[in-house]
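Colleague: pasting the sequence and the predicted coordinates here, then a few questions.
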Amino acid sequence: MKHIPRHPVSATDRISNQQLVAYGLGGLIPIALFNIAGQLMGLIGNIGLGLSAFWLGVVLIIPRLWDAVSDPVMGHFSDNIRTRWGRRRPFLLMGGIAVALSFVLMWWVPKGPAIEAWFGSEAAYEWFQLGYILVFLLIFFTACTIFEIPHGALGMEMSKDPHERTRLFGAKSFWGNLFAMGTPWLFALANLDFFKGTGGNEADGMRWVSMLIAVVLIPLSIWWFVVCKEPGFERVQKQKKEGFWHNMKVAVKNQTFRRLVVIIFALAMGFNFVGLLNYYITIFYLYGGDKAAAGPLLGINGTIWAVTGLLAVFPLNWVGRSLGKKWTLALAIGLMSLAQLSKIVCYNPSSPYLVIIPTVLLSAGMLMFFTMGSSMLGDICDEDDLATGTRSEGSYYSVYWWFIKLGTAFASFVTGSLIVLSQFDEKQTKGVDELEGAVKKAQEQFEKENRESASGQLEQAKKISSELIAHFSEKGDAFPHSRDHYDLLIEQTQSVNHQLDHMLGSQTEDPVSAASFVGLTDQIEPITQQTPTALLRLRIFEIGLPLVLCVVSFWLLRFYPLTDKRSYEVKHLLEERNKLGEEEE
């Protein structure tokens, strides 16, 4: 590794603290909310609404495919629009508000017996819910594109210094990761009775939690529009407008750009394939299906992820200047590989908090990797400007994310397929949720001394438990290697049935007590256990796939040609050319 010379930052290239914070807070949308929608919609749709993991995976593909198509269109449009407020800023305002509103609406999936009664079958009802999710995910992802592509392009324009761009994208990662801790905490909040209500689940709770997000996001959108500036707009507005296909062709033909995209794409695919599986492993392997018990660890783990990402931002610029961007990228890949290997030991039900170790390594590695990737993209845009005389940050940024998002769309399908291949049983989780909900409603009516309503809810609970017994019997026949596990679940559910029979048969001389409900709830808890085969396969997929693609990405990095030395040469050549052009005018 050669010594990397230091280059002082000129006053005109240095980003002010206000600009740094304002731009960085924009990371809330592409880093936090984008991932919250992709991860929690799949998780809550599966375990909260009882929808098929496979079909949820298919549904999640379509908005991402649309996202991949809309990104280049938005990038080209942003490059070629000319308004009194610039090429990028109007979209920060419009896109931010649209994201806030669509994020709320996507969680209000119609559900309940009254809605289900409109449909002739349970299958038709589930297809309706999947359709609703699809429509509002399409709206949400479109809103994200309207905001994110101009925002990302703006980050490459705000400074001409390669490492000041690293500061900008580091700030974006900092604030994005700060809000990203909301992914697991939102799941924990959605499971609180305050949000989900009596007898509700996380799908009900998320409706109200999403409104808290909108209350924060709308004022921020106005602030971004007011504070963020476009320093190069005066020169760029004289730039000739190019056709869409011309810009796309120039970007795709750029060899340096193609190499960077493949490096980022390979690693991103590995982690996108399995990003959702961590939730399943935490809830169903580390905590045996107890979502309430798993919630705090998910929240704490998310907080540690965010805090690590926040702390990793501070040395990132120094590491980038000391090692160079290419070697910093290699260091990031090494940290992520080590994190995956550590999970072999750290996924331990006896010590669930060991998962904090790979979380720290992964968070630091990912922040360095993706921040450097965006910063290196700005250097490529400079090189392209030197060759063509055109600033096309929007087109490059959109094509860059086109590849990543197309991979993410494919990964959504793969994730659903992996969950199905693992033999995870979503009908079991939905049935147990409904059983617990009916018991809680019965207890609530009992405490109000409304015995008739309490009996009705207990009858409903008995019906659900009987359906679970039939379901477990079918699963045991379908998967003989897990027969012992399903026999145990049948035995545990039959015990719940007997307790329900006893409570329903109790007369006034032998009344049901509050302790009876506590005992019944304790009996229901073990029924959430998934099969050992499913849990083992989930761990193999979640650890192995990203590790393999980390190795691929590291190997490809060897061939990346744009060094720090060359980036500064390009910067100085551009300054001389632009200065000469100004003198001629």
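Modeller: Sure thing, it's come through.

Colleague: which regions of the protein sit below the pLDDT cut-off?
Modeller: In the predicted model of the chain, residues 1-13, 181-184, 232-241, 409, 412, 506-514, 578, 581-585 satisfy pLDDT under 70.

Colleague: again, 50 this time
Modeller: Counting by pLDDT under 50, the ranges of the chain that qualify are 507-509.

Colleague: identify all contacting residues around stretch 195-211.
Modeller: 40, 44-45, 47-49, 103-104, 106-109, 111, 186-187, 189-193, 291, 433, 437-438, 440-441, 444 (CB atoms under 8 Å, 6 or more residues apart in numbering). All C-beta spots, glycine's among them, are computed from the backbone N, C-alpha and C.

Colleague: and these, which are buried?
Modeller: For those, a burial check counting by 16 or more other CB atoms under 10 Å picks out 40, 44-45, 47-49, 103-104, 106-107, 109, 111, 186-187, 189-191, 291, 433, 437-438, 440-441, 444.

Colleague: in strands only, show me these.
Modeller: Among the buried ones among the contacts of stretch 195-211, DSSP state E puts none in strands.

Colleague: from those, which ones fall inside helices?
Modeller: Residues of the buried ones among the contacts of stretch 195-211 located in helices (DSSP state H): 40, 44-45, 47, 103-104, 186-187, 189-190, 291, 433, 437-438, 440-441, 444.

Colleague: helices or strands up against the longest helix along the chain?
Modeller: Criterion DSSP H: the longest helix present in the chain is helix 122-157. In this structure, helix 122-157 makes packing contacts with helix 17-25, helix 34-47, helix 53-80, helix 89-105, helix 113-116, helix 162-180, helix 356-388, helix 393-421, judged by 3 or more CB pairs under 8 Å, 6 or more residues apart in numbering; DSSP states H and E.

Colleague: mind listing what's buried in the last one?
Modeller: Of the residues in helix 393-421, those buried under the neighbour-count criterion (16+ other CB under 10 Å) are 393-416, 418-419.

Colleague: okay if I get the helices and strands packed on helix 122-157 as a markdown table plus distance to Trp318?
Modeller: Below are the helices and strands packed on helix 122-157 laid out as a markdown table (distance: least, CB to CB, whole Å):
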| stretch | distance to Trp318 |
| --- | --- |
| helix 17-25 | 16 |
| helix 34-47 | 27 |
| helix 53-80 | 31 |
| helix 89-105 | 29 |
| helix 113-116 | 56 |
| helix 162-180 | 10 |
| helix 356-388 | 12 |
| helix 393-421 | 25 |
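
Colleague: out of the ones you listed, which is closest to Phe136?
Modeller: helix 89-105 (5.2 Å; CB to CB).

Colleague: state the distance from the residue lying closest to Ile283 once chain neighbours are set aside to Ala188.
Modeller: Using CB to CB, 6 or more residues apart in numbering and skipping residues adjacent in sequence, the residue nearest Ile283 is Ala294, 4.3 Å away. In this view, Ala294 and Ala188 are 9 Å apart by CB to CB, to the nearest Å.

Colleague: please identify which of those two sits among more neighbours.
Modeller: Here Ala294 and Ala188 are set side by side on neighbour count (other CB atoms under 10 Å), and the busier one is Ala294, at 25 against 22.

Colleague: that one touches Leu286, doesn't it?
Modeller: Yes - distance between Ala294 and Leu286: 6.8 Å, which falls inside the contact criterion (CB atoms under 8 Å).

Colleague: count of residues packed around the nearest residue to Leu562 once chain neighbours are set aside?
Modeller: Of all residues not flanking Leu562 in the chain, Thr256 sits nearest, at 5.1 Å (CB to CB, 6+ apart). Thr256 has 16 neighbouring residues, counting by other CB under 10 Å.

Colleague: gap between Thr256 and Asn317?
Modeller: According to CB to CB, Thr256 stands 22 Å off from Asn317.

Colleague: repeat that for Val274.
Modeller: On the measure of CB to CB, Val274 and Asn317 end up 30 Å apart.

Colleague: compare these two (neighbour count), which wins?
Modeller: Neighbour tally, Val274 and Asn317, criterion other CB under 10 Å: the higher count belongs to Val274, 22 against 17.

Colleague: gap between that one and Ala332?
Modeller: Val274 is 18 Å from Ala332, by CB to CB.
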